[in-house]
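# Below are the sequence and a predicted model for it; my questions follow.
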Amino acid sequence: QPFAMTWKDTWSDILNGGHSRWKVDDLDAKKAALSHITANSSIDGPMHILCPLAGDDPFVYYAWSQGHHVTAIDIVPDALKAMRSQFGDMEDWESDSTSKSDVVWKHRSGRATLVEGDMMMKRPELLQSFDAIYDKDSFGALHLDMRPKFCERLSEFIKDGGTLYIEVKNKESGREFGPPFHVEKNDLMEPASFGTWFDHVKSLGEVYTLSLAGMKQTAHILQRMLRQ
């Protein structure tokens, strides 16, 4: 079954009151993530932050509320509809479907863009557009054969020297099974993953406590190498 279909089915279950799975809506976790991004960025002031495969992650609204420019990409319309509702009046959003493949939602503030589409697609209009990327569990949800394209897209969209904040699961058992997959620094830095384009800056260790038994939520800071 195609990844996009299973992703949509999963979100349909979550939004209809099913098991919340990986979702973490605790605002303190989002505040901490943004503080890690700003502390490890050379940008002093509002940043342009990309959130890939974001679902309805409250981080997007929180970063926007702190004055940053946010762009989220997800293939599930219902998840992005739920995200738009976090911003208040749904009338504050306008959609543009002139693209063959995407529906692009823009907020009246001019600082929030939600892209309904396939994260794995090349998007020349987004090349070197972002100062930072926030990835909560997307990398660790992808099967190994999907990771290279995902990492390549992020390497294209981020600016030289940009900050990648990435949260991944550490599992006590079943490490070879997923999603979510068990992910450590070495997995992130494989040449077929982020290693070709990013330097590993630091491991942040456990960033908050999960309700899922046998798993820890850990995070890493990576930095985009300078393009040759």
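The structure has been received and is ready for your questions.

# okay, CA-based contacts and neighbour counts for the rest of this
Will do.

# got the contact list for the strand ranked longest in the chain?
For the chain, the strand with the greatest residue count under DSSP state E is strand 158-171. With Cα atoms under 8 Å, 6 or more residues apart in numbering as the test, strand 158-171 has contacts from 33, 36-37, 40-41, 127-137, 139-140, 180-184, 214-227.

# same thing with stretch 106-113?
So stretch 106-113 is contacted by 64, 68-72, 92-95, 104-105, 114 (Cα under 8 Å, 6+ apart).

# just how off-centre is that stretch within its chain?
In this view, stretch 106-113 has its centroid 18 Å away from the chain centroid, taken as Cα atoms, centre = their mean, to the nearest Å.

# Can I get it in CSV, CA atoms only?
Extracted C-alpha coordinates of stretch 106-113, given in CSV (Å, rounded to 0.1, in the frame of the first residue of the first chain):
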residue,chain,number,x,y,z
LYS,A,106,-1.5,31.2,3.1
HIS,A,107,-2.4,33.0,6.3
ARG,A,108,-3.3,36.7,6.1
SER,A,109,-0.4,37.6,8.4
GLY,A,110,1.9,36.7,5.5
ARG,A,111,4.0,34.5,7.9
ALA,A,112,2.3,31.1,7.7
THR,A,113,2.2,28.8,4.6
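
# pLDDT averaged over that stretch - what is it?
When pLDDT is averaged over stretch 106-113, the result is 97.

# those strands in the chain, which residues are they?
Using DSSP E, the strands assigned to the chain run over residues 48-52, 69-74, 93-96, 103-107, 112-116, 130-136, 158-171, 198-208, 215-224.

# outside of the last one, which residues touch it?
Residues outside strand 215-224 that contact it (Cα under 8 Å, 6+ apart) are 40, 155, 158-172, 185, 197-210.

# at 7 Å instead, please
The contact list for strand 215-224, computed with Cα atoms under 7 Å, 6 or more residues apart in numbering, reads 160-172, 197-210.

# returning to that earlier point: please work out the average pLDDT along the longest strand of the chain.
Here strand 158-171 scores 97 as its mean pLDDT.

# From the chain's centroid, how far away is that strand?
Distance, centroid of strand 158-171 to centroid of chain: 9 Å (Cα atoms, centre = their mean).

# now swap in stretch 90-99 and tell me
Taking Cα atoms, centre = their mean, the mean C-alpha location of stretch 90-99 is offset from the chain mean by 21 Å.

# before we move on, what about stretch 75-87?
Distance of stretch 75-87 from the chain centroid (Cα atoms, centre = their mean) equals 14 Å.

# That one: which residues count as buried?
Neighbour counts over stretch 75-87 (16 or more other Cα atoms under 10 Å) mark 75-81, 83-84, 86-87 as buried.

# Not counting its neighbours along the chain, what's nearest L142?
Excluding its sequence neighbours, the residue lying closest to L142 (Cα to Cα, 6 or more residues apart in numbering) is P179, at 6.9 Å.
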